[in-house]
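> Provide a 3D model corresponding to the input given below.
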Amino acid sequence: MALRENGIIARYWHFDIFEFSFQFLYNLLFSFLLFFLNLSENRFFSIYRQKKQFTKYYLFNALVVVTATVTGHLLQSELFKDRHVTLITGRGYIARFTLTCILVAIIIHLVLLIRENRKKDSKNEKLKNAYLQTQLELLKKQMDPHLLFNSLSSLSGIVREDQKLAQVYIFHLSKVFRNALVYSKSTLVSVSEELDTLKSYQKLISLRLEDAFSVNIEVDTKVSNYQIPHLSLQPLLENAAKHNIATKEKPLEICIYSEGDFLVITNNLQPLSIQENSTGIGLANLHERFFLLTQKEIEIQRTKDLFIVKLPLTI
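Take a look at the predicted model:
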C-alpha cells in the first residue's frame, strides 16, 4: 500500500526494502525468543510453568513483549526516521506483536501437548515393559521347577535300574540346567542356540525311552539366526513323551523343521490308554511366553496321525 504513489498510506509512509527487512528479521527474532524462553526444558520461564507459578510466568512473558515492542519501535524510528510518522510505527508494532504473541502462544501450547503425550507414551511403555518382564520372570520361575521335577522323577527310576546310565543321565541333566542358567537373562535366543540347548534334553528322554524315541531335525540354515523364546522346545518333547506310547514296536518320532517364518514340531499320535495326570503348565506357559514376547500365538493342530505345533519366529 505504501508503494502506491497516490494512496493514503503513501502520504505517511515511504516504502523501503531495508526497513521491511528490519521489521521482518526483528519479528522473527522476537518469535524465536518467545519460543526459546518458554520451551527450554527446566530453564527460564519453563520453570515457573512447571511449578505452576502462573502469575510470574505470564508477568515475565508480558515484560518481554513490552520490552521487545518498545525496543523495536525505538530502533526503527531512529534508523528510518525520515520514512514515516513515528506514531504509525508504534501502532504497527503493537498490532504485529499482538498477533505474533497469539500465534506463538498457540504453537507453544501445541508443542507442550505433544511433549506431554510423548512423556505419557514413554511412561506407559516403561510400565508395560516392566509388567511384561515381571510376567516372564514368573513364567520362568514356574517352568524351571516343573522341568526339574519331571527330570528327577525319571532319574529315580533310572538309578534303580542302571547306575552307569544314571551317571550319563545326570551329566546331560546338568548340561540342560547349565544352558538354562547361561540364558537366564535372555528372553529371546536364536534358533540355533535353542536347538543346541535341546540336544541334551533330547538325550535325557532317549536314555529313558531307549530305542523307542527319536528326533529328526531339518531346519533351514536361513532361519538359524531367527529368534525364539528360550526353552520353547523342551516342553513339546516332554508332552509328546508323557502322553504317547513309546515302545520298540511303536516308537515315538518327533520331527522339527522350518516352514516359512515358523518352526514346526510334530509327533506321531499314539495316545496312552490311561493318560497321566497333567498340570498343563508346559503348553500354557509356552503359549503365554510367546504372546508376551512376540505378540504372536503358537498354532496347534491335531490330525488323525499327528500332533503339530507351529512356533512363530521373530527376525
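> where are the low-confidence patches of this protein?
1-15, 82-88, 126-158, 160-161, 179-186, 274-282 (pLDDT under 70).
> Next one: F45 from L209, what distance?
75 Å (C-beta to C-beta, to the nearest Å). (C-beta placed from N, C-alpha, C; glycine too.)
> more neighbours, the two?
Each of F45 and L209 has its neighbours counted (other C-beta atoms under 10 Å); F45 has more, 22 against 17.
> Quick one: the helices in the stretch 51-200 of the chain, in order.
54-79, 86-161, 163-182, 191-209 (DSSP state H, counting those that start in this stretch).
> For K250, what are phi and psi?
Phi and psi for K250, reported as degrees, to the nearest 10, are phi -130, psi 80.
> I'd say it and Q270 touch.
Yes - judged on C-beta atoms under 8 Å, K250 makes contact with Q270 at a distance of 5.4 Å.
> who has more neighbours, these two?
Neighbour totals were compared for K250 and Q270, and Q270 leads with 15 against 12 (other C-beta under 10 Å).
> List the residues that contact that one.
Each residue near Q270 by C-beta atoms under 8 Å, 6 or more residues apart in numbering is listed here: N244, I245, K250, L252.
> next one: Y201
Residues in contact with Y201, defined by C-beta under 8 Å, 6+ apart, are H172, V176, L233, Q234, L237.
> re earlier: could I get the helices of the stretch 51-200 of the chain as a markdown table with distance to T221?
Shown next, in a markdown table, are the helices of the stretch 51-200 of the chain (distance: least, C-beta to C-beta, whole Å):
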| stretch | distance to T221 |
| --- | --- |
| helix 54-79 | 63 |
| helix 86-161 | 28 |
| helix 163-182 | 21 |
| helix 191-209 | 9 |
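> Need the winner for burial among these.
helix 191-209 (a mean of 20; mean count of other C-beta atoms under 10 Å).
> tell me the angle that helix makes with helix 163-182.
Following axes from the mean of the first three to the mean of the last three C-alpha atoms, to 10 degrees, one obtains 160 degrees for the angle between helix 191-209 and helix 163-182.
> Render the CA-only coordinates of helix 191-209 in CSV, please.
What follows is helix 191-209, C-alpha atoms only, in CSV (Å, rounded to 0.1, in the frame of the first residue of the first chain):
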residue,chain,number,x,y,z
VAL,A,191,17.0,-70.9,16.7
SER,A,192,20.5,-72.4,16.5
GLU,A,193,21.1,-71.8,20.2
GLU,A,194,17.7,-73.2,21.2
LEU,A,195,18.4,-76.4,19.1
ASP,A,196,21.8,-76.7,20.8
THR,A,197,20.1,-76.5,24.2
LEU,A,198,17.6,-79.1,23.1
LYS,A,199,20.2,-81.8,22.3
SER,A,200,20.9,-82.6,26.0
TYR,A,201,17.2,-82.6,26.9
GLN,A,202,16.6,-84.9,23.9
LYS,A,203,19.3,-87.2,25.3
LEU,A,204,17.6,-87.3,28.6
ILE,A,205,14.4,-88.6,27.0
SER,A,206,16.4,-91.0,24.8
LEU,A,207,18.1,-92.5,27.8
ARG,A,208,14.7,-93.1,29.4
LEU,A,209,12.9,-94.5,26.4
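> Return the set of buried residues in stretch 307-315.
Neighbour counts over stretch 307-315 (16 or more other C-beta atoms under 10 Å) mark F307, V309, K310, L311, P312, L313 as buried.
> can I get those in CSV with secondary structure and distance to R91?
Shown next, in CSV, are these (DSSP: H, G, I helix; E, B strand; the rest coil; distance: C-beta to C-beta, whole Å):
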residue, secondary structure, distance to R91
F307, strand, 86
V309, strand, 80
K310, strand, 76
L311, strand, 75
P312, strand, 69
L313, coil, 71
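> Show me which of the residues you listed is closest to I217.
The closest of these to I217 turns out to be L311 (C-beta to C-beta; 13.7 Å).
> show me the contacts for I108.
Each residue near I108 by C-beta under 8 Å, 6+ apart is listed here: L34, F35, N38, L39.
> ugh, wrong one, R49
Per C-beta under 8 Å, 6+ apart, neighbours of R49: N38, Y57.
> Then V189?
Y183, T197, Q227, I228, P229, H230.
> name the element the closest residue to K222 other than its chain neighbours belongs to?
Counting by C-beta to C-beta, 6 or more residues apart in numbering, K222 lies nearest to S258, which is 7.6 Å off, once chain neighbours are set aside. Assigned by DSSP states H and E, S258 belongs to strand 252-259.
> how about that strand: buried residues?
Within strand 252-259, the residues that count as buried by 16+ other C-beta under 10 Å are L252, E253, I254, C255, I256, S258.
> Okay, F291 and E297: tell me how far apart.
Using C-beta to C-beta, F291 is found at 6 Å from E297.
> which of the two has more neighbours?
F291 (14 against 11).
> residue contacts, the residue nearest to K222?
By C-beta under 8 Å, 6+ apart, the contact set of S258 is V191, E218, V219, D220, K222, V223, V264, L313.
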